[in-house]
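[1] below are the sequence and a predicted model; questions follow.
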Amino acid sequence: MILRVLFLLILPLGLVAKTIDVCPTCAATTIRQGIALAKTGDEVLVHPGTYREGNIIIDKSIILKGIDGPTVDGEDQYEIFTIKASGVTVEGFHLVNAGKSTLKDMAAIRVDHQRHFSICENKVENAQFGIYLAYGFDGIVENNELKSNARDEVSSGNGVHCWYAKRIFIAHNTIRQHRDGIYLEFTDDSHIVDNRSEGNLRYGLHFMFSNRDVYAYNTFIDNGAGVAVMFSKKIDMLYNRFEHNWGRSSYGLLLKEIYDARLEHNQFLSNTIGILMEGATRIDYRHNRFKRNGWAVQMTGGCIDNHFEANAFQSNALDMVVNSNVNNNTFNGNYWSEYTGYDLDRDGYGDVPHRPVKLFSYITSQTPETIVLLRSFFVDLLNFSEKVSPALTPANVADERPLMQMPEI
C-alpha cells in the first residue's frame with residue numbers, strides 16, 4: 001500500500017484529478033472513450049459488464065480501475081491492455097481470451113518501456129502470457145490470479161514475464177498452468193514474495209542472468225520443476241516451500257552457474273531431487289529442511305565454497321550425491337535422520353562424523369537404472385562395506401559435528 005501511494009508523487013503538483021465513469025449509460029460507454037477523456041492523474045472507473053474493444057492502449061498516467069470485476073475479452077485475437085505511459089495503475093479487471101501468436105509474445109497486460117506502474121487485483125484467464133513487463137522499472141504486480149491452459153512449452157507463455165526489468169515487486173499472486181509461473185531475464189534488484197506457483201509445465205519460478213534479487217515466502221507445488229536459478233549472482237532464497245515437484249527429472253530447486261547466494265529456512269518436501277547443483281559457488285545453506293525427497297541434494301561438477309549448516313535431512317531415499325572428489329564444501333552441524341552415532345559428552349553433537357554420501361548414491365549417479373535396487377539387502381551390504389572402508393565415495397564430504405536432535409527450521 002505504501003508503494004502505491006508513492007506513485008502519486010510522480011504526478012505534477014497542482015493537478016486536480018477527476019473521475020470518469022465507463023458504463024452503458026455513462027458519458028463514456030467504452031474503456032477507450034474513458035481513457036480518451038482522461039488527463040494525467042485522472043481515475044477511470046469501469047463498471048460491470050463485458051467489454052470487447054481489441055487492443056486497449058493506455059498512454060496516459062491514469063488509474064484504470066474495474067468496479068466489481070468487469071470482464072474485458074480479447075476474443076483470442078488481441079493483446080488486451082498495453083501500457084505506454086509511466087505512472088499507470090490497472091486494477092480490478094477480469095481479463096479473458098487474450099490473443100495468441102507463434103510470431104510474437106501476446107499478453108493480457110503488457111508494460112512497454114515504462115516505470116512506476118501498479119498491476120493489482122486482476123484475474124487473468126486463458127492468456128498466452130498473463131503479465132508481460134518489457135523494460136519495466138519500479139513497478140508492482142500484486143494480488144493477481146493468473147490461470148492458463150498450457151499444454152506444451154512451445155505454444156505457451158509465462159504467467160508473469162519480466163524482460164530487462166529492475167526493482168519489480170511481485171507479491172501475493174496465484175499462478176497456474178502456464179509454461180513458467182514467473183520468469184525473470186536480465187531482471188535485477190527485485191523482490192518475489194508470498195506467491196503461489198502451481199501446476200506449471202516447466203518451472204514455478206525461473207531466473208536467467210538476473211542479480212541481487214530476493215524471493216521469499218513463496219510456494220512452488222506440483223510444477224514440472226520448482227525453481228531454476230541460472231547464470232545469476234547474489235540471490236537470496238528465504239522461507240520458500242518446494243513441494244511435490246515430482247517426475248523423471250524434476251527437482252525442487254536447480255542452481256546452475258550461480259554465485260554468492262543465500263538459501264535459508266526453506267522446505268523441500270517430496271521432490272524427486274530437493275536441490276540439483278551445477279557450477280554453484282559460494283552459497284550458504286542454513287536452516288533448510290529436506291524431507292521425503294528422492295535425492296535431497298545432488299551436487300555435480302564445479303560446486304565449490306558451499307557451506308551447509310543447521311539443515312535437517314529427514315527420511316530421504318538418498319541424502320546426498322556428490323560426483324566429484326574435488327571440492328572444498330563444508331558440512332557442519334546438520335541433522336541427519338540416518339545418523340547412527342552417539343553423543344557421550346551430551347553436548348548435542350555426535351561424537352563421530354557422519355558421511356552422507358553412500359556408495360549406492362554414487363552408483364546411481366553413474367547408472368540411474370540401479371535405483372530399482374534401493375531397498376534391497378544387497379545395497380545395505382554395499383553401503384556398510386563402504387562405510388567401514390571408504391574407497392569410492394569422497395572422503396572429504398563429512399559432517400564432523402552432526403546434530404543429535406532436529407533443529408528449529
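    Cool, the structure landed.

[2] on the three-state scheme, the most centrally placed residue in the chain is what?
    Geometric centre of the chain, nearest residue: L205, 2.8 Å, by C-alpha atoms, centre = their mean. Secondary structure, DSSP: H, G, I helix; E, B strand; the rest coil: L205 is strand.

[3] how close does the spatially closest residue to Q128 that is not a sequence neighbour sit to V124?
    Leaving aside its chain neighbours, Q128 sits nearest to G157 (4.1 Å; criterion: C-beta to C-beta, 6 or more residues apart in numbering). C-beta here means a position set from N, CA and C on the backbone, and glycine is covered the same way. Distance, G157 to V124, using C-beta to C-beta, to the nearest Å: 11 Å.

[4] mind checking the longest strand of the chain?
    Longest strand in the chain, counting residues (DSSP state E): strand 273-286.

[5] touching that one from outside, list them.
    242, 250-265, 268, 290, 293-311, 316 (C-beta atoms under 8 Å, 6 or more residues apart in numbering).

[6] how far does that strand sit from its chain's centre?
    16 Å (C-alpha atoms, centre = their mean, to the nearest Å).

[7] element containing A36?
    Using DSSP states H and E, A36 falls within helix 31-37.

[8] can you show me the CA trace of the one helix or strand I258 maps to as CSV?
    Per DSSP H and E, I258 falls inside strand 253-264. Provided in CSV are the C-alpha atoms of strand 253-264 (Å, rounded to 0.1, in the frame of the first residue of the first chain):
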residue,chain,number,x,y,z
LEU,A,253,15.5,-26.1,-7.0
LEU,A,254,18.1,-26.1,-9.8
LEU,A,255,21.2,-23.9,-9.2
LYS,A,256,23.3,-23.6,-12.3
GLU,A,257,26.2,-21.2,-12.6
ILE,A,258,25.1,-19.2,-9.6
TYR,A,259,27.4,-17.3,-7.3
ASP,A,260,27.3,-15.6,-3.8
ALA,A,261,23.8,-16.5,-2.7
ARG,A,262,21.9,-17.4,0.5
LEU,A,263,19.5,-20.2,0.9
GLU,A,264,17.8,-20.3,4.3
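
[9] relative to strand 273-286, how tilted is that strand?
    Between strand 253-264 and strand 273-286, the angle comes out at 30 degrees (axes from the mean of the first three to the mean of the last three C-alpha atoms, to 10 degrees).

[10] run through the neighbouring helices and strands of the very next helix or strand once past strand 253-264.
    Downstream of strand 253-264, the next assigned helix or strand under DSSP H and E is strand 267-269. Where contact means 3 or more C-beta pairs under 8 Å, 6 or more residues apart in numbering; DSSP states H and E, strand 267-269 is packed against strand 241-243, strand 289-291.

[11] could you list the low-confidence segments of this structure?
    Across the chain, the ranges flagged by pLDDT under 70 are 1-15, 248-249, 324-326, 358-395.

[12] just the helices in it please.
    Along the chain, counting by DSSP state H, helices occupy 2-7, 31-37, 359-366, 377-388.

[13] what about V154, how many residues nearby?
    V154: 7 surrounding residues under other C-beta atoms under 10 Å.

[14] from E142, how far off is H113?
    21 Å.

[15] was I right to think F209 contacts V229?
    No - if you go by C-beta atoms under 8 Å, F209 and V229 don't touch, sitting 10.7 Å apart.
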